[in-house]
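Engineer: Next input, structure requested:
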Amino acid sequence: MSKHTLIILFIVLIVCVMVLFFFKAKAQPTTNTNKGGKGNPAPVVDNSKTDLSYSRNTVWPLQTGSQGAAVRVIQIFSGATIDGQWGPGTETAVNTTWADDNIGQDDFIKYCITPASGFSDFPLKPGSTGLFVEALQSVLGLDETGTWDATLATALNGMTDSNGTISVGTWTNIMNKQLSLGITPNTTPSDGTHWWNMFL
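Structural biologist: As a prediction, this is how the structure comes out:
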């Protein structure tokens, strides 16, 4: 057998081995041995609700395809299904409620507190119910029951006004912080009207 033939056979052998390893690796299932146990897929996390860093990284304006805690709040006030995903259902609800198809930071504030709702629900306090309480629970990663219960009270530690209630200004400060609204408030009276007049 000539030297030339041996070289060709050697090259063919190497190619066959490489092809074998390629298909073997491709057939292996992808697993994560660091999470969920050896050989089990890593658990899926619902970032739209539980990861507060995700909440604070809101991309504005909110529109079709947006997701996260800010979308959940808009869904609460527009009556859409609350899932943190801006799909066709949310698009319809937002258009029906506010005749808009995208929501910027200033719009977010304007739409959450409208002349129809005004300030009648404030100040919020233990036992309060309604959409504003539900929105607080949402941005804090809690179940959106709409009632100020012991769980919400614990989560709000240090965020309430000195008397343990939440004024419209304090509510908005919490939204501003949790959702990166990027709004610098004016000096706000207890009823919040000074700040809100520039939106309403």
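Engineer: what residue ranges in the chain score low on pLDDT?
Structural biologist: Flagging of the chain using pLDDT under 70 yields the residue ranges 1, 3-4, 6, 19, 21-58, 114-119, 182-200.
Engineer: Can you show me the helices along it?
Structural biologist: 3-27, 52-55, 69-78, 88-98, 105-112, 131-139, 150-155, 168-179, 193-196 (DSSP state H).
Engineer: ok and the third one relative to helix 131-139, angle-wise?
Structural biologist: Between the axes of helix 69-78 and helix 131-139, defined by axes from the mean of the first three to the mean of the last three CA atoms, to 10 degrees, the angle is 160 degrees.
Engineer: can you list the domains in this protein?
Structural biologist: What the record gives for the chain is the domain set 1-44, 52-196, from automatic domain parsing.
Engineer: rewinding a little: so which of the helices of the chain is the most packed in?
Structural biologist: helix 69-78 (a mean of 25; mean count of other CB atoms under 10 Å). Where you see a C-beta, it was placed from the backbone N, CA and C, and this is true even at glycine.
Engineer: so it versus helix 168-179, what angle?
Structural biologist: Going by the same axes, to 10 degrees, helix 69-78 makes 140 degrees with helix 168-179.
Engineer: which outside residues touch helix 69-78?
Structural biologist: By CB atoms under 8 Å, 6 or more residues apart in numbering, the list of residues contacting helix 69-78 from outside reads 48-49, 52, 54-55, 58, 62, 80-86, 90, 93-94, 96-98, 103, 108, 111-112, 131, 134-135, 138-139, 141, 144, 175, 178-179.
Engineer: Go again with 6 Å.
Structural biologist: 55, 58, 62, 82, 84, 86, 90, 93-94, 97, 112, 131, 134-135, 138-139, 179 (CB atoms under 6 Å, 6 or more residues apart in numbering).
Engineer: ditto for stretch 155-162
Structural biologist: Residues contacting stretch 155-162 (CB under 6 Å, 6+ apart): Leu140, Ile166, Ser167, Thr170, Ile174.
Engineer: Show the end-to-end separation of that stretch, please.
Structural biologist: End-to-end distance for stretch 155-162: 16 Å, by CA to CA, to the nearest Å.
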